[in-house]
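> I would like to see how this sequence folds:
(one chain, ligands or ions: 1)
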Amino acid sequence: MRASLIQIAVDPDEPVDSRRTRVAELVREERGAADLVVLPELWPTGAFAYESFAAESEPLRGPTYEAMAAAARDAEVWLHAGSVVEAVGGALYNTSLVFSPRGELAASYRKIHRFGFDKGEAVMMAAGEELVTVEVPGQLTLGVATCYDLRFPELFRGLVEAGAEAFVVPAGWPERRRTHWTLLARARAVENQAYVLACGTAGTHAGVEQAGHSIVVDPWGEVLAEAGPDEEVLRVTLDPAKVTTTRDQFPALKDRVLGVARPERG
Ligand SMILES: NC(=O)CCC(=O)C(=O)O
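This is a model prediction of the structure:
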């Protein structure tokens, strides 16, 4: 399975419409080179551009949906189109969109763990509640998570229980915590014996320098490819059989103890 992670530079001087057009072209350029294309979290606005969230919010089938559905169809790729600020009634969600090569919506995922503690996304957005997997026929079953989710291993274990063999993690991760990004991507791969495809943004928006360094890790925890800090397309080939062989040859997942009791609070 050939995967291309498009690490987009989010520049506040580039209008959102222009970025949408530019990104759609970048996706189209992967035609024939990729089976799966991955974009980062909230690339239309920037993950830390909280002030623009409401103004740039869109319905699920809004302008980003339309542009990405057409790009997936033209490129004939599975497209994890990163995430958008989805407006639903009075609420906002950080919602990822996954399209089939026919440009049909295969899945959407509302980010479960919101970043910011008592500000930003954590207070402006509502939390998703559902785990999402997408089967790419004949290839891999993808488990979908977004950025800050990477810090919560129970989410990824839940995705494994649901059949995930590769995690796709769009992000807008800051340079300041880049060591966490790399470490957590490798940890999620090792503990779940699954591929991790983590696609971040480049550039600086809302005063937050982005780490870039999108990364692809195999089920043994080895880094297959890693981007630099700037806009870049990271291309890698995944072997679906490697998930099965890793899980068969070192069957740690079989030793899970399910339903471990939480300690009583005294
Ligand atoms: N957009 C995010 O979820 C940022 C997460 C982050 O900066 C961190 O976990 O550290």
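
> so what's V88 bridging to?
A91 (DSSP bridges).

> And it, how close does it get to C147?
20 Å (C-beta to C-beta, to the nearest Å). Where C-beta positions appear, they are placed from N, C-alpha and C, glycine not excepted.

> same thing with R73?
In terms of C-beta to C-beta, R73 sits 27 Å off from C147.

> With neighbour numbers in mind, choose between those two.
A side-by-side neighbour count of R73 and C147, using other C-beta atoms under 10 Å, places C147 first with 26 against 17.

> so what's that one up against?
Applying C-beta atoms under 8 Å, 6 or more residues apart in numbering to C147 gives the contacts 41, 47, 111, 115, 169-173.

> and the ligand, which of those residues contact it?
On the criterion C-beta under 6 Å from any ligand atom, 41, 47, 115, 172-173 are the entries of those that sit beside the ligand.

> on that earlier part again, so can I have CSV of the contacts of C147 showing distance to G158, pLDDT and secondary structure?
Compiled in CSV, those are given as follows (distance: C-beta to C-beta, whole Å; pLDDT from 0 to 100; DSSP: H, G, I helix; E, B strand; the rest coil):
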residue, distance to G158, pLDDT, secondary structure
E41, 20, 98, coil
A47, 23, 97, coil
K111, 14, 98, coil
F115, 19, 98, coil
V169, 14, 99, strand
P170, 18, 98, strand
A171, 19, 98, coil
G172, 23, 98, coil
W173, 22, 98, coil
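
> Could you tell me which of the residues you listed count as buried?
Among those, those classed as buried by 16 or more other C-beta atoms under 10 Å are 41, 47, 111, 115, 169-173.

> ok so, going back, which of the contacts of C147 lies closest to S4?
P170 (13.4 Å; C-beta to C-beta).

> Surely the closest one and L39 touch.
Yes - at 6.2 Å, P170 and L39 qualify as touching, with contact defined as C-beta atoms under 8 Å.

> Tell me if Y109 really is in a helix.
No - with DSSP: H, G, I helix; E, B strand; the rest coil as the criterion, Y109 is assigned strand and is not in a helix.

> Who are the contact partners of the nearest residue to R102 once chain neighbours are set aside?
With C-beta to C-beta, 6 or more residues apart in numbering as the criterion, R102 has its nearest non-adjacent residue at 6.1 Å, and that residue is R73. By C-beta under 8 Å, 6+ apart, the residues touching R73 are 99, 101-103.

> just to revisit the earlier point, identify the contacts common to P170 and L39.
If you check P170 and L39 against C-beta under 8 Å, 6+ apart, the residues they both contact are 80, 82, 199.

> Distance-wise, check the nearest residue to A145 once chain neighbours are set aside relative to the ligand.
With C-beta to C-beta, 6+ apart as the criterion, A145 has its nearest non-adjacent residue at 5.1 Å, and that residue is V169. Applying C-beta to the nearest ligand atom, to the nearest Å, the value for V169 to the ligand is 10 Å.

> sec struct for R19, please.
Here R19 is helix, with the state taken from three-state DSSP.

> Give the burial count for it, as a bare number.
R19: 19 neighbours (other C-beta under 10 Å).

> L183 now?
12.

> residues from this protein in reach of the ligand?
Within the chain, the residues that sit near the ligand (C-beta under 6 Å from any ligand atom) are 41, 47, 115, 147-148, 151, 172-174, 177, 180.

> could you redo the last one with a cut-off of 8 Å?
41-42, 47-48, 111, 113-115, 121, 146-151, 171-174, 177, 180-181 (C-beta under 8 Å from any ligand atom).

> got a list of what P229 touches?
175, 202, 211-213.

> cool, V243 as well?
140, 165-166, 193-195, 219.

> Please apply the same query to T182.
Here T182 is in contact with 213, 215, 223, 226 (C-beta under 8 Å, 6+ apart).

> Apart from its chain neighbours, what residue comes closest to the last one?
Residue nearest to E226 in three dimensions, not counting chain neighbours: I215, with 4.8 Å by C-beta to C-beta, 6+ apart.
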